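Asker: Sequence and predicted model, in that order:
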Amino acid sequence: MKTVLLTVMSGVLFASISFNAAAMTQGEMEDGYVAANGGTKADVHEKFQAWENALKTELAAKRAVQIDGIGTFRPKELTGKDRVTKLGGKEYTTPIYAMVKKPEVVTTTEFQAKMVAAGKMTDEEFSKVNAYYKSAVISTLRKGGALQEDGLGTYKVGRHQRHTSCNKKGVCTDVAGYKDVKFNDSPSVHTTLKVDPTLNAKLN
């Protein structure tokens, strides 16, 4: 029994080590941008932070933001209900959020125009940051890793095994295994990501 448990634990530990090796932090993404496009780390950090803050501002205003090649970040709002969980003999209450129904959608072009108008970036700077952001997400996920963006959330790879799917009439079809993008929002922002189909296609 101990041997089996040790083997399982070793497997979990190995998987954890492999996963972390393929992970990318926001700091590493910014370093990669500096290496590819030049500039100082402080300046690049400021640009990525401005991009993130502008996105969070739109979400806070209950507007969705479409980022071409990534997907649409949709805002969540409080439902007025709480979730109660019990752990170690104690009860914990957390508010429940739900997606805002039919939010106004800000396109990538409109998002860019707002940032330029606010003096956060030039058109050229926005294009470079946006392009590098997408390439960092895609390349990291293709390696099976995760990309953690501070204050926004984490992109991960979802793996679905080959399975059989049956409809209400009892007609069954064989579904091949596939991968897709999972996004977990950070505690400081409440959003969900409707993934662009082209992003999922790049993983398969």
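Answerer: Happy to help now that I have it. Residues are numbered from 1 along each chain as shown.

Asker: my guess is E77 meets A98, correct?
Answerer: Yes. Counting by C-beta atoms under 8 Å, E77 does reach A98; the two are 6.7 Å apart. The C-beta positions use only the backbone N, C-alpha and C, and glycine is treated the same way.

Asker: now E77: how far from S188?
Answerer: Distance, E77 to S188, by C-beta to C-beta, to the nearest Å: 15 Å.

Asker: could you show me where the strands are in the protein, in order?
Answerer: Counting by DSSP state E, residue ranges of the strands within the chain are 24-25, 63-67, 71-87, 90-99, 104-106, 147-149, 153-160, 163-166, 172-175, 178-185, 191-195.

Asker: residues contacting the nearest residue to E52 once chain neighbours are set aside?
Answerer: Once flanking residues are discounted, E52 sits nearest to L152: 5.5 Å by C-beta to C-beta, 6 or more residues apart in numbering. Contact partners of L152, counting by C-beta atoms under 8 Å, 6 or more residues apart in numbering, are 52, 55-56, 185-186, 189, 191.

Asker: now the strands of the chain in a markdown table, with distance to K47 and mean neighbour count?
Answerer: Below are those laid out as a markdown table (distance: least, C-beta to C-beta, whole Å; neighbours: other C-beta atoms under 10 Å):
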| stretch | distance to K47 | mean neighbour count |
| --- | --- | --- |
| strand 24-25 | 17 | 17 |
| strand 63-67 | 15 | 21 |
| strand 71-87 | 18 | 14 |
| strand 90-99 | 29 | 11 |
| strand 104-106 | 19 | 16 |
| strand 147-149 | 13 | 21 |
| strand 153-160 | 19 | 17 |
| strand 163-166 | 43 | 9 |
| strand 172-175 | 42 | 10 |
| strand 178-185 | 22 | 17 |
| strand 191-195 | 21 | 19 |
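
Asker: Can you pull the poorly scored residue ranges out of the chain?
Answerer: Scanning the chain for pLDDT under 70 picks out 1-21.

Asker: Is K62 in contact with P75, as I believe?
Answerer: Yes. Under the criterion of C-beta under 8 Å, K62 makes contact with P75 at 4.9 Å.
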